[in-house]
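> predicted model follows, preceded by the sequence.
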Amino acid sequence: MRLLLTSTALLALAAPAFAQSPPVPLIERAKLFGNPSKTAGRISPDGKWLAWIAPRDGVLNIWVAPASNPAEAKPLTAEKTRPIRSYYWSPDSKTILFVNDKGGDENFLLYGVDVATAAQKSLTPFDKTRVEVINISHAVKDRILLGINNRDPRWHDVYSLDLASGKLSLVLQNDGGYAGFVADEQLMPRLASKELPDGGQAFFRITNGKVEATPFATIGLDDSLTTAPSGFTTDGKTLYWLDSRGRDTAALIAQDVASGRQTVIAQDPRADIDGTMADPKTGVVQAWSVNYLRDEWKASDPAIGKDLAWLKAQLKGDIAVTSRTDADDLWTVAVDPVTAPSATWLFDRKAHTLKQLFVSRPELVGAPLVPMYPEPIRSRDGLTLVSYLTLPAGSDPDGDGKPNRPVPMVLFVHGGPWARDEYGYNSWHQWLANRGYAVLSVNYRGSTGFGKKFISGGDLQWGRKMHDDLLDAVNWAVKQGVTTSDKVAIAGGSYGGYATLAGVTFTPDAFRCGVDIVGPSNLFTLLQTIPPYWEAGKQQFYKRMGDPTTEAGKALLRERSPLYAADKIKVPLLIGQGQNDPRVNVRESQQIVDAMKAKNIPVTYVVFPDEGHGFARPVNNIAFNAITENFLSACLGGRAEPIGDALKPSSAQINEGASQVPGLAAAVAAR
C-alpha cells in the first residue's frame, strides 16, 4: 500500500475544506483496520502458558508461549482465510478451544488444539450448526458443557464434551423450547429459560436432569434485557443475578438457593451493573463494574480493591483484568489509553510487579491519536443520551472538548439496537477524526446499559423517537459549535445502517450523505429471514419492533421501513453488504438499491461474497473503508487516502455506482 506520510504533495492534495494548521499526518488505513500485531492475551489456568491472537501468514491465529518466556511464542493454529476472533483455555490448561464460522454464516463450530503438540481437531463436526459454550468450569478440569442445535436449528441441546477424547454426551435434550441454560461449577444444568408470549422470560429449575414444570421466577418484557442469572458459586449455594426487577437499573443480587433469600450487593441509579470479578476457587464475586460515562470498578474484597487501585495508579488508561490463574497469583491486564494503542500486561500479585507483554498495534505508537470526550446530551423530551465525541487533531487547541471553529461531522450510529457505545479507543473514531471530521456516537433510547426505562423507551420507535434522539444530538453539536447543519453525514452498521437509511429517507434534509453497512431496509422481510436459532427471541422482536402477525404490526413495520420511502433520497448513499449475512439478509440491501435504480437515484453498492454481518477479514474492511473515506471526502470535504490498490486483495464486488466515488472506477479497472 502507498505511504502518504512521505509525500507532502499528496498531503496537500488531500487537504480538507476545514484546513488544519499545521497539517496532521494521515494515518494509513492499514494501521487502523489491518490485523493487530497481538490481541486477546490470556494466561492459562495453571499459570504456565500465555496465549494471544496474532497474524500467521496474514490471518489471525492463536499463538502460545511459556509464561516464563513470552519471546518463545509459536503459532498453534493455521487458519488460512477466516480469522480467529475468540478462544478459551481448557480448565486443565492442555487445550485451547476456539470457534469459527465459514464466510460469515455464523454457524460457529468448536475446535480444540493441543498446546503441546499443536494437533487440532473439530469437536463439533456438524453441518448447519451453531455451537454455544454453556460453561467452562474452574472446578471440573476434564470436560466442558456445550449447547448444540444440530437436531433442531431452533433449539440447543445440552452436551458434555470430554476434552481428552472429544466424546460428546447428551446431558439434556431441549424438547421444551428453552432459550438457554445455566449450569453450576460441577457442570450440572441448574436453570432453563423460556420466552413468554409477552416477550418476557420464565426461569425453571432443573432437578435430576429434568426441567420442572412450574417456573420459580418470571420477568416481564420491561426487565427482559436487564435481568438474567449470572452464575453460581462453586459450592452451588449462591446464585448471582443481574436484576432490574423492582428498580430501574440492573443491580447485582446474591440469592441463597436453599431459602430463596436475596441480598443486593451493588446497584447504581445511573447505569446497570454490567461486569463482575469472581474468586477462581470459590466463585464468590469480589468486584463489579458500572459503565455510565466510563467503566468504573468497585471491590468488596479488600485485596482485590487494593490491587485494582494499584493497577489504576500504574497504568495510564482504563484497565480490564482479562484472565486470572486458578491460584489467582497472575493476571493479564489490558489498558486502553485512547490516545495510544492498547497494551496487555502480566501482573504478578505476590511480587507486585507488572511486565508488558505486548502493544496491540505498535505501528500506531506516536501516531496523532486524539482524545474521546463523554458528552451527556439532553433529548427533546428530557432523556439523557450518553454520547461520545472525538475531534480532529489541532481543532481543539485549548482541550475543552469543543473545536475552535466548526468542522464537518460524521454521526456514527451503533448497531443492535440493544447494545451501546462506550468510552475507549475506537478505530472508526480515530480514522474519521484523522480525516478531518468530528465523530459523534449516541446512546439513543433502546440502547442497553442505562436501565430498563431507557431500553423500553425505544419500543416500537424504530425510525421515530429513536431517530429523534440522533437528530437531537446533531442539533446539540450544531449549537455547541462542533459542526454546521449542512456538514453532517450519518453512518453505521446493522441498526446503525438502518438509522442511516432512515436518515436519508425519513429526514432527507438532515444529512449531507450516508454510509449504510448491513442495514435492514424492510423491517417486515427482516423479521421473515432472522436465523432459526433466534426463535426464542422472536416475541422480543415483535414487541419492541412491531408484530408482523397482526395487521397493525404489518402497517407499523411498513411505515418504519426506509424501502418504502426510497424515492425521498436526494443525498449520496454508500451501501456495504455481506453476501452470507444470516441476520440482515443480502436482500435488505438489494431491495433498496433496486428501488433507487427504478427512480434513477444514484447509489454505490458494494457486496462481499465471503462475509456475513459485518466484515471480519481485514482486507475487506480496508477495501470498504477506502471507498468510504473517498466517498465522505467528496461529500464533506475531508481528507482521504487514495483508494489505490486497496480493492485487489479483497473480495469486494462493486455492483452499482463505481463512478459516484472518486477513484473507485479506476481502482475497479486496475484489479
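That came through, no problem. Numbers count the residues shown, from 1 in each chain.

> confirm that Val668 sits in a helix.
Yes. Checked against DSSP: H, G, I helix; E, B strand; the rest coil, Val668 lies within a helix.

> show me the contacts for it.
647, 654, 658 (Cβ atoms under 8 Å, 6 or more residues apart in numbering). Just so you know, the C-beta spots here come from the backbone N, C-alpha and C atoms, and that holds for glycine as well.

> strands - which of those residues land there?
Judged by DSSP state E, the subset of the contacts of Val668 located in strands is Ile654.

> top of the contacts of Val668 by number of neighbours, please.
With neighbours taken as other Cβ atoms under 10 Å, the top of the contacts of Val668 is Leu647, carrying 24 neighbours.

> contacting residues for that residue?
Leu647 neighbours (Cβ under 8 Å, 6+ apart): 623, 626, 667-668, 671.

> out of those residues, who's nearest Phe511?
Ala626 (21.7 Å; Cβ to Cβ).

> the closest residue to Thr249 other than its chain neighbours: neighbour count?
Spatial nearest neighbour of Thr249, chain neighbours left out: Gly451 (4.1 Å); criterion: Cβ to Cβ, 6 or more residues apart in numbering. Per other Cβ under 10 Å, the neighbour tally for Gly451 reads 20.

> run through the bridge partners of the closest residue to Gly496 other than its chain neighbours.
Among residues not flanking Gly496 along the chain, Val413 sits closest, at 3.6 Å (Cβ to Cβ, 6+ apart). As for beta bridges, Val413 partners with Gly492 under DSSP bridges.

> I'd like the numbering to begin with 446 instead of 1 from here.
I'll keep to 446 as the first residue from here, and by that count the last item is Val858.

> ok, now how distant is Val858 from Lys847?
Look at Val858 and Lys847: by Cβ to Cβ, to the nearest Å, they are 22 Å apart.

> the two: which is more packed in?
Neighbour count, other Cβ under 10 Å: between Val858 and Lys847, Val858 has more, with 30 against 19.

> OK, contacts around that one?
Per Cβ under 8 Å, 6+ apart, neighbours of Val858: 886-887, 889, 915, 935-937, 940-941, 944-945.

> next step: those restricted to strands.
886-887, 935-937.

> which element follows the strand ranked longest in the chain toward the C-terminus?
The residue-count maximum for a strand in the chain (DSSP E) belongs to strand 588-597. Where DSSP states H and E defines the elements, the next helix or strand beyond strand 588-597 is strand 600-607.

> and that next one, how far from the chain's centre?
Taking Cα atoms, centre = their mean, to the nearest Å, one finds the center of strand 600-607 at 26 Å from the center of the full chain.

> now the nearest residue to Arg706 once chain neighbours are set aside, what are its backbone angles?
Excluding the flanking residues, the one nearest Arg706 by Cβ to Cβ, 6+ apart is Gln700, at 7.1 Å. Backbone torsions of Gln700, given as degrees, to the nearest 10, read phi -110, psi 120.

> specify the beta-bridge partners of Gln700.
According to DSSP bridges, beta-bridge pairing links Gln700 with Leu684, Gln707.

> got a list of what it touches?
Contacts of Gln700 by Cβ under 8 Å, 6+ apart are 683-686, 706-708.

> run a quick neighbour tally on Ala1111.
Ala1111, neighbours per other Cβ under 10 Å, totals 12.
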